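Participant: Structure, please.
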Amino acid sequence: MDREKYKQYFDVLEIDQTAHIEEITQSYVHLKRLYSTSSMVTSPIADEFSDEERQDILQQIEEAYQQLSKLVREEEIQEELAYQQLSLKREREKFSDSALSKNLWASRLTPHMPA
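Facilitator: Reported below is the predicted structural model:
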C-alpha cells in the first residue's frame, strides 16, 4: 500500500507515516479526549472553538482513524498473503527436490535389462 496517499490522515492524527496501529490508536484516543467538550486541557480556550468547529475537528479525527485502520488491516492481509505464498513455494520446492531424489534412487536400484 502507498502510505503517501494517506498523508492527510497521518497529519490529522499528528503522527508519522511509518506509524503502526498502536500509535494510530493512541493518537486517536488522545486527540478525541483533547477535543471533547469535557477536556481539561482545552477548557481554558474553549471559547476559541465553536461547537461546530469542535465537531468538525472530531469528525476529521474519526475519519482519519477509520481510514488508517483500514489501511493497516489491508497491509496486514497483504503481508500474510505474501508469507503464505512464500511458505507454499518452499513446500513445493521441498516436495519437488524430494520426489526428484526418490526417482534418482529408484533408477539406480532398478536393474537394467538388456533389450
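Participant: what about Glu63, neighbour count?
Facilitator: 13 (other CB atoms under 10 Å). Where you see a C-beta, it was placed from the backbone N, CA and C, and this is true even at glycine.
Participant: Helix, strand, or coil at it?
Facilitator: Judged by DSSP: H, G, I helix; E, B strand; the rest coil, the three-state class of Glu63 is helix.
Participant: if I read this right, it contacts Tyr9, doesn't it?
Facilitator: Yes: using CB atoms under 8 Å, Glu63 is in contact with Tyr9, at 7.4 Å.
Participant: Just read off the phi/psi values of Ala19.
Facilitator: Main-chain dihedrals, Ala19, degrees, to the nearest 10: phi -60, psi 140.
Participant: now do Ala82
Facilitator: phi -60, psi -40.
Participant: And the helices in the protein, which stretches?
Facilitator: When assigned using DSSP state H, the helices of the chain occupy the ranges 7-12, 21-35, 51-109.
Participant: to the chain's geometric centre, what's the distance from the last one?
Facilitator: The chain centroid and the centroid of helix 51-109 are separated by 10 Å under CA atoms, centre = their mean, to the nearest Å.
Participant: That one versus helix 21-35: what angle between them?
Facilitator: 170 degrees (axes from the mean of the first three to the mean of the last three CA atoms, to 10 degrees).
Participant: which ones are touching His20?
Facilitator: Val72 (CB atoms under 8 Å, 6 or more residues apart in numbering).
Participant: mind checking pLDDT for it?
Facilitator: With respect to pLDDT, His20 scores 91.
Participant: No further questions, thank you.
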